[in-house]
Every structure is written in structure tokens, then in C-alpha cells.
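Visitor: pasting the sequence and the predicted coordinates here, then a few questions.
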Amino acid sequence: MSFLSKLRDRLTRSSTKIGEGLDGIVDAAPEVVPQPAPAPSPGLVGRLFGTAPAAPPEEPRRALDDAMLEELEDMLVQADLGVDTALRVTANIAEGRMGRRVSSTELRQLLAGEIARIMAPVARPLPIYPKKPQVVLVVGVNGAGKTTTIGKLASQFRAAGKSVMIAAGDTFRAAAVEQLQIWGQRAGVPVMVAAQGSDPASLAFDAMTRAEAEGADLLMIDTAGRLQNRADLMEELAKIVRVIRKKDPTAPHNTLLVLDATTGQNALNQVETFRQLADVSGLVMTKLDGTARGGVLVALADRFGLPIHAIGVGEQIDDLDAFDANDFARALVGL
Ligand SMILES: Nc1nc2c(ncn2[C@@H]2O[C@H](COP(=O)(O)OP(=O)(O)OP(=O)(O)O)[C@@H](O)[C@H]2O)c(=O)[nH]1
């Protein structure tokens with residue numbers, strides 16, 4: 001199954017919410033009466049046998065007015081686009097169209113167009129640099145999908161002919177390390193681990209040394225998502241960065257923040273927080289399959305303008321792919 005088909009299939013919780021919302025808005029119009037399409041003039045077969053096929057009824061329409069725009073705005077807020085983005089999208093849809101009678105399908109198309117416009121500038125694959133090893137630091141709260149994302153990216157880069165190495169920098173959680181080892185085995189990628197509770201910065205340094213010695217193209221470093229407090233987490237991330245810069249002053253070349261779509265608006269707070277902790281260079285959003293809150297990705301794009309490198313729609317290796325603004329926008333509204 002292509003990623004686009006998967007995206008359409010698995011974004012249904014979000015797209016159903018939006019689609020039903022739009023249908024409800026159009027149907028709510030007092031004057032809406034579905035018009036039967038005019039009877040077609042019977043063709044030869046119809047004339048001979050009296051069975052001309054009936055045309056499908058025309059879609060209900062509603063005149064675009066302030067009340068309708070308000071409903072649209074509310075619906076978009078409910079769909080996790082956030083107030084600011086919902087306002088902007090609604091205003092753009094209204095422009096030059098007030099009073100025009102629109103159908104739910106037309107609204108979907110207009111909405112997809114606006115969403116794609118917001119997201120196109122941030123749809124950028126993970127940049128690959130000639131630098132060896134390119135160091136990718138992966139940050140995010142526990143459970144966001146960091147481990148899984150590293151596994152999926154590692155196996156995709158591996159399949160593309162790159163040599164990849166992983167450092168299991170969440171040394172606090174044995175389960176996270178084990179999970180990375182499983183992904184590493186599946187992807188045929190070495191995973192460097194350290195004793196439980198040992199210093200992740202020292203593991204990162206060792207991993208840099210080995211990646212340099214072996215001429216690896218990419219080194220992906222997992223990090224812990226939760227420490228006692230924010231200052232601890234900041235100190236730990238800063239230390240990892242300091243240490244790898246001893247080996248390469250330009251590293252890390254990417255700092256990926258992994259976000260879980262099911263957290264909805266909370267993802268916005270996570271971006272704020274992690275931008276203070278680390279020099280976040282791009283986002284990956286996971287678990288778009290399990291939630292009706294996929295609209296949050298639009299809010300993220302609109303608010304922060306950070307590149308969205310990839311999105312995840314399931315737990316399998318090929319359930320993560322580069323982010324495409326148009327595909328996402330159309331899938332999100334159910335087109
Ligand atoms: N449905 C779905 N599940 C996902 C996706 N990405 C990750 N998961 C699942 O989410 C759970 C957490 O993912 P992890 O990769 O372990 O998350 P983490 O951020 O590394 O978290 P810790 O290992 O707890 O630090 C796992 O059960 C994954 O299989 C996705 O795109 N869709």
C-alpha cells in the first residue's frame with residue numbers, strides 16, 4: 001500500500017471529524033433543501049424501455065455568511081487547528097466569497113487548499129549533509145515515539161544505502177534501550193548502549209568516536225524524555241551537545257523533536273519547551289493514525305514554521321514517510 005493510501009486510510013478519525021463538521025455546518029442552514037437534479041432527457045435506451053437513470057441529487061448548499069464562518073471557525077478549533085490558525089483559515093476562505101452558496105465538498109476543497117498553503121513551506125525532508133557522520137539528535141517526551149522513529153528512519157536510510165549507527169542515549173530506561181536494539185536488529189544497524197543509569201554524554205562521545213572510525217554516514221542519538229525537572233533535562237541535552245562538539249564543532253547537524261499527535265494542543269507546549277532546551281531544527285509527528293486531533297499539525301506549522309520532516313501513521317517500519325503538504329491537507333479533510 002502506498003504511503004498516500006495509508007495516510008488517507010489512517011487519518012480517518014481526523015478527516016471524519018472535519019468532514020462531518022462541514023456537512024453539519026452546510027446542513028444547518030435554515031434555507032437548505034437538497035434540490036433534486038433536473039430529470040435528464042431520456043436517451044435512446046431510456047425512450048425505448050422507459051428506464052432513464054436518475055441523476056444523483058445535488059449537494060445541499062449554504063450561503064457563506066458571518067454565522068456560517070463562525071461555525072466553521074469553531075469546528076476548526078475543535079479539530080485542533082488552534083484559535084489563531086482557525087481564524088486565519090476561515091478569513092481566507094471568506095475572502096471574495098461572502099454570499100456565495102457553497103456545498104460541503106467545495107468547503108472541503110477550499111479548506112484543503114488553505115491548509116496546504118500553510119503547510120507547504122514547512123514540508124521539508126530531513127536534510128542530508130555531506131558531513132560524516134551526520135549527527136541527528138532526537139528529543140521529545142517519553143512515549144512520543146522517539147525510539148520507533150529512530151528505528152524507522154534508520155531502516156529507511158539503510159535501505160537507501162547509507163551506513164547508520166544508533167546511540168541509545170536514554171540510559172535511564174532499560175525498556176527504551178531494549179526496544180532500540182530490536183529496531184537496530186531489524187534494520188541491520190548497530191546500536192551502541194551503555195550501562196543503565198550511566199552518563200548519556202559519555203555514550204554519545206563513544207558513539208561519535210566509533211561512527212568516525214567506521215566512516216558511518218549517520219549517527220542517530222536517542223535521548224531521555226523525562227528527568228526530575230526541566231533544568232536536569234536541559235543540562236543533560238546541553239552536555240550531550242558539548243561532548244559531541246569536542247569531536248565535531250558543527251554537530252549535531254539536526255535536532256529532531258518527535259511529537260505525538262494524540263496529545264493535541266499539548267504538542268504546541270512541547271515545541272515551546274523543547275525549543276528552550278535544545279536547538280530544535282525540525283519536527284516529526286507520530287501516531288496520526290490513532291487520533292482525531294491530526295489538525296494540530298496545521299497549528300504547529302502555522303505557529304512555529306519549523307520544518308516537518310516526517311509523519312508516522314502506524315507502528316511498522318514503512319509507516320513513517322516524508323511529509324507532503326498537499327497529500328496531508330487532502331487526507332485531513334477526507335478528499
Ligand atoms: N499507532 C501508532 N503508534 C506509534 C507510532 N509511533 C510510535 N508508536 C507507538 O508508540 C509507543 C511509544 O513509542 P516509542 O518509540 O517507544 O516512544 P519513545 O518516545 O521512544 O518513548 P520511550 O521509549 O518511552 O522513551 C510504542 O508503542 C510505539 O509502537 C505511530 O505512528 N502510530
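Guide: Okay, I see it.
Visitor: tell me the pLDDT at the residue lying closest to Thr85 once chain neighbours are set aside?
Guide: Nearest non-adjacent residue to Thr85, counting by C-beta to C-beta, 6 or more residues apart in numbering: Asp302, 4.3 Å away. From N, CA and C alone the C-beta is placed, and that goes for glycine too. Confidence at Asp302, expressed as pLDDT, is 97.
Visitor: can I assume Asp302 sits in a helix?
Guide: Yes - according to DSSP: H, G, I helix; E, B strand; the rest coil, Asp302 belongs to a helix.
Visitor: burial of it, as a residue count?
Guide: By other C-beta atoms under 10 Å, 19 other residues sit near Asp302.
Visitor: need phi/psi at the closest residue to the ligand within the stretch 201-335 of the chain.
Guide: Using C-beta to the nearest ligand atom, the closest approach of the stretch 201-335 of the chain to the ligand is made by Gly312 at 2.9 Å. Dihedral pair for Gly312: phi -110, psi 130, per degrees, to the nearest 10.
Visitor: which ones are touching it?
Guide: Gly145, Thr148, Thr149, Lys152, Val284, Met285, Thr286, Lys287, Leu288, Asp289, Asp319, Leu320 (C-beta atoms under 8 Å, 6 or more residues apart in numbering).
Visitor: go again with 10 Å.
Guide: 10, 145, 148-149, 152, 258-261, 284-289, 319-321 (C-beta atoms under 10 Å, 6 or more residues apart in numbering).
Visitor: what is the biggest helix by length in the chain packed up against?
Guide: Ranked by residue count, the top helix of the chain under DSSP state H comes out as helix 230-247. Contact here means 3 or more C-beta pairs under 10 Å, 6 or more residues apart in numbering; DSSP states H and E; on that basis helix 230-247 packs against strand 134-139, helix 200-213, strand 218-222, helix 266-277.
Visitor: anything in the first one near the ligand?
Guide: Okay, so that is strand 134-139. No - Strand 134-139 is not in contact with the ligand by C-beta under 6 Å from any ligand atom; minimum separation 8.5 Å.
Visitor: packing partners of that strand?
Guide: Using 3+ C-beta pairs under 10 Å, 6+ apart: strand 134-139 touches helix 146-159, strand 164-167, helix 200-213, strand 218-222, helix 230-247, strand 254-260, helix 266-277.
Visitor: and if we set it to 8 Å?
Guide: helix 146-159, strand 218-222, helix 230-247, strand 254-260 (3 or more C-beta pairs under 8 Å, 6 or more residues apart in numbering; DSSP states H and E).
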